[in-house]
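Colleague: how would this look folded up:
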Amino acid sequence: MKRQTAAGRDGRRAAGFTLIEVLVVLVILMSLAGIVSVNVVRHQSEARVKTARIQLRQLQQAVRQYQIEQNALPTTEQGLDALVRRPARPPVPANYPDEGYLDSRRLPIDPWGRPYLYVQPGRDGLAFEILTYGRDGEPGGDGDAADLSTADL
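Modeller: Just a heads-up that it's a prediction; the model follows:
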């Protein structure tokens, strides 16, 4: 009577992977996923800060255009809303354009989901300032939690 070996009856090795081989592949894949996710999160954070700076510049240009055409800045009470619809609070502009001052009839929100803040006059003698408090939504902070302002552009 012949004994069967691991190679099987006809001498060929059984097809498939051993448990060790599968575990090694899983460990490698999990390591790669960890490295990629850390880089994606870091770049996502940097992208949000860059997006906020771009939006601040666009809003700043729109406020300057408003100032040129209306011969006045929106007041703090009118806020950035004056860029997308004719202000109802004084001073009410006489020749407000139907399309407003932005490409959209909606104000952009910052990359962290909050509205941009508008102050007139701004700090340090600026005529106006537009800002966001970053990821944490609180004044101050570092990295992507730092305040971003048109005063710093």
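Colleague: Show me what the worst-scoring helix or strand of the chain on mean pLDDT is packed up against.
Modeller: Lowest on mean pLDDT, DSSP states H and E among the helices and strands of the chain sits helix 19-70, with a mean of 86. If you count contacts as 3 or more CB pairs under 8 Å, 6 or more residues apart in numbering; DSSP states H and E, helix 19-70 packs onto strand 129-132, strand 148-149. For every residue, glycine as well, the C-beta is placed using N, CA and C.
Colleague: Dump those strands into TSV; add mean pLDDT and mean neighbour count as well.
Modeller: TSV is the format used below for these (pLDDT from 0 to 100; neighbours: other CB atoms under 10 Å):
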stretch	mean pLDDT	mean neighbour count
strand 129-132	96	22
strand 148-149	93	21
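Colleague: Generate TSV for those, with distance to residue 68 as supplementary columns.
Modeller: As requested, the helices and strands packed on helix 19-70 are arranged in TSV below (distance: least, CB to CB, whole Å):
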stretch	distance to residue 68
strand 129-132	17
strand 148-149	22
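Colleague: Looking at those, which is nearest to residue 65?
Modeller: strand 129-132 (13.7 Å; CB to CB).
Colleague: Contacts for that closest one, please.
Modeller: Here strand 129-132 makes contact (CB atoms under 8 Å, 6 or more residues apart in numbering) with 52, 56, 59-60, 63, 80, 110, 112, 114, 116-123, 147-151.
Colleague: so what strands line up beside it?
Modeller: Taking DSSP bridges as the criterion, strand 129-132 pairs within the sheet with strand 117-119 (antiparallel), strand 148-149 (antiparallel).
Colleague: Tell me who's in contact with residue 43.
Modeller: Residue 43 makes contact with no residue, according to CB under 8 Å, 6+ apart.
Colleague: what separates it from residue 49, distance-wise?
Modeller: Noted for residue 43: a distance of 11 Å to residue 49, by CB to CB, to the nearest Å.
Colleague: quick one: which of the helices and strands packed on helix 19-70 is nearest residue 75?
Modeller: Comparing the helices and strands packed on helix 19-70 against residue 75 with CB to CB, the closest turns out to be strand 129-132 (13.3 Å).
Colleague: Mind exporting the C-alpha coordinates of that closest one to PDB?
Modeller: Written as PDB, here are the backbone C-alpha positions of strand 129-132 (Å, rounded to 0.1, in the frame of the first residue of the first chain):
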ATOM      1  CA  GLU A 129     -10.500  92.300   6.000                       C
ATOM      2  CA  ILE A 130     -11.800  88.800   5.100                       C
ATOM      3  CA  LEU A 131     -10.700  85.900   7.200                       C
ATOM      4  CA  THR A 132     -11.300  82.300   8.300                       C
END
